[in-house]
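**Q** Fold the stuff below for me.
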Amino acid sequence: MITIKNARVLCGENMEVRRTNIVIEDNQIVEVSDRIEKGKIIDGNGCIASPSLINSHIHIGDSVAKDLGDGESLDKLVKPPYGVKHRILSETSQEHMINAMQSSMHYMLQTGTTTFVDFREGGFKGIDVLEKASENIPIRKLVLGRHDKFFDENPKLSELRKIAEKLLYRCDGIALSGFGEIEDQVAQIVTETCQKHSKLSSIHVAEYEKLQTKSLKYIGKTEVERALIAGFNLLVHVTAPLRDDLKHIAVNEIPIVCCPRSNGSLGVGIPPLMEMLDRGINVTLGTDNVMLNSPNMFTEMEFTLKVIRGYYREYIAPLEIFKMATLNPAKALGLNLGSIEESKIADIMLVSGMSGDPILSLINRTESQNIKALIKDGNIVFER
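**A** Next comes the predicted model:
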């Protein structure tokens with residue numbers, strides 16, 4: 001058993017601040033109370049105890065291509081199968097790939113992230129490489145695979161269905177790059193197969209307006225409309241919604257992963273977060289391509305908070321942003337974590353408090369050296 005004692009604890013889904021203890025047994029939070037302490041004691045005096053962070057969208061393979069191609073168009077950089085990053089990935093040795101991925105996973109742990117969702121390129125080999133890279137690293141990964149056959153111009157649908165089945169035997173879902181590279185019938189096969197196995201299906205949509213207008217011109221529907229018709233249960237970006245896209249997403253209760261730093265790096269716009277929140281959409285955050293950004297969720301939260309306030313010229317509560325990296329993705333991904341409550345999985349970080357506002361202290365001021373302890377699945381990852 002472990003007890004975190006004397007910390008300012010962000011309790012429950014509303015992250016209410018209480019000075020109390022957290023008792024952990026096996027992998028769960030068994031009690032939040034100042035009347036009990038058992039097992040190993042971690043003194044949290046002067047610290048904030050909060051849920052650890054969830055990175056809802058990353059391309060961890062890009063760890064071998066950091067800061068390459070800056071200034072190039074999005075298509076030239078990352079569009080499969082001939083983008084700059086895909087050329088680099090194809091030319092990189094497996095050993096180098098594994099080392100780079102491991103570096104990114106260790107960095108995520110050092111910056112409070114215990115869970116990440118990877119859009120895994122490279123088919124079955126790509127899944128194998130990530131499995132090897134993550135051996136003995138205490139981080140939770142949700143792997144969403146894909147296969148180059150999905151990009152075929154005249155795909156054999158029966159073959160694609162078999163490939164989708166095999167992928168889902170190996171990973172947590174399937175993620176597609178976007179409607180610019182696949183046929184709608186391929187998307188339908190992917191979502192149907194994922195639904196059959198109760199696994200995630202995700203796709204990049206509406207990352208910038210040109211994609212949306214092209215989709216309308218040739219298909220008569222926005223990318224968002226096509227994604228909802230296909231049945232995807234997790235949408236990435238939605239930086240440029242058109243028509244009634246956000247209304248339809250809200251009605252269908254589909255979560256959105258926003259990646260503001262990535263969108264900013266590529267110059268494609270700022271996601272309309274206020275409209276999303278006003279419609280009750282479950283919004284989460286991801287750091288996207290390691291090629292463009294460090295996988296640091298503190299940096300993602302700080303950028304998001306400030307750029308959205310500047311963009312809208314109005315107040316957005318820091319708690320709304322913090323939930324996008326904790327509670328919201330846990331709900332979107334079906335994980336029993338993301339908040340400090342009894343019976344939840346114990347994924348907790350203990351961070352030095354550096355201001356009078358615990359949430360802003362976390363978002364604005366936390367660096368890796370300020371994290372005094374990190375717990376994942378009830379086990380201490382590190383303690384300083």
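**Q** Wait, a strand at Ser201?
**A** Yes: according to DSSP: H, G, I helix; E, B strand; the rest coil, Ser201 belongs to a strand.
**Q** would you list every one of the helices in the stretch 51-200 of the chain?
**A** In the stretch 51-200 of the chain, the helices defined using DSSP state H, counting those that start in this stretch lie at 74-78, 84-91, 94-110, 123-134, 157-170, 184-196.
**Q** Mind checking those helices for the one nearest to Ile345?
**A** helix 94-110 (16.2 Å; C-beta to C-beta). All C-beta atoms are positioned from the backbone trio N, CA, C, and that covers glycine.
**Q** quick one, what contacts Val205?
**A** Shown in contact with Val205 (C-beta atoms under 8 Å, 6 or more residues apart in numbering): 178-179, 211, 223-224, 226-227, 235-238.
**Q** That one bridge partners, please.
**A** His237 (DSSP bridges).
**Q** how about the residue nearest to Asp34 when sequence neighbours are not counted, secondary structure?
**A** With C-beta to C-beta, 6 or more residues apart in numbering as the criterion, Asp34 has its nearest non-adjacent residue at 4.6 Å, and that residue is Thr20. Secondary structure, three-state DSSP: Thr20 is strand.
**Q** Surely Ile281 is in contact with Ile249?
**A** Yes: the pair Ile281 / Ile249 is scored as a contact, 5.8 Å apart, by C-beta atoms under 8 Å.
**Q** neighbour count winner among those two?
**A** Taking other C-beta atoms under 10 Å, Ile281 and Ile249 do not tie; Ile249 has more neighbours (25 against 21).
**Q** picking up where we left off before, can you put the contacts of Val205 in JSON lines and add neighbour count?
**A** Output for the contacts of Val205, formatted as JSON lines (neighbours: other C-beta atoms under 10 Å):
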{"residue": "Gly178", "neighbour count": "21"}
{"residue": "Phe179", "neighbour count": "27"}
{"residue": "Leu211", "neighbour count": "23"}
{"residue": "Glu223", "neighbour count": "28"}
{"residue": "Val224", "neighbour count": "29"}
{"residue": "Arg226", "neighbour count": "19"}
{"residue": "Ala227", "neighbour count": "33"}
{"residue": "Leu235", "neighbour count": "24"}
{"residue": "Val236", "neighbour count": "30"}
{"residue": "His237", "neighbour count": "29"}
{"residue": "Val238", "neighbour count": "26"}
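**Q** so who does the residue nearest in space to the middle of the chain touch?
**A** Closest residue to the average C-alpha location of the chain: Ser56 at 0.8 Å, with C-alpha atoms, centre = their mean. Residues in contact with Ser56 (C-beta under 8 Å, 6+ apart) are 117, 257, 284-286, 329, 332-333.
**Q** which ones are touching the residue nearest to Asp34?
**A** 7, 9, 11, 32-34.
**Q** Identify the residue spatially nearest to Val23, adjacent ones excluded.
**A** That would be Glu31: by C-beta to C-beta, 6+ apart, it lies 4.2 Å from Val23.
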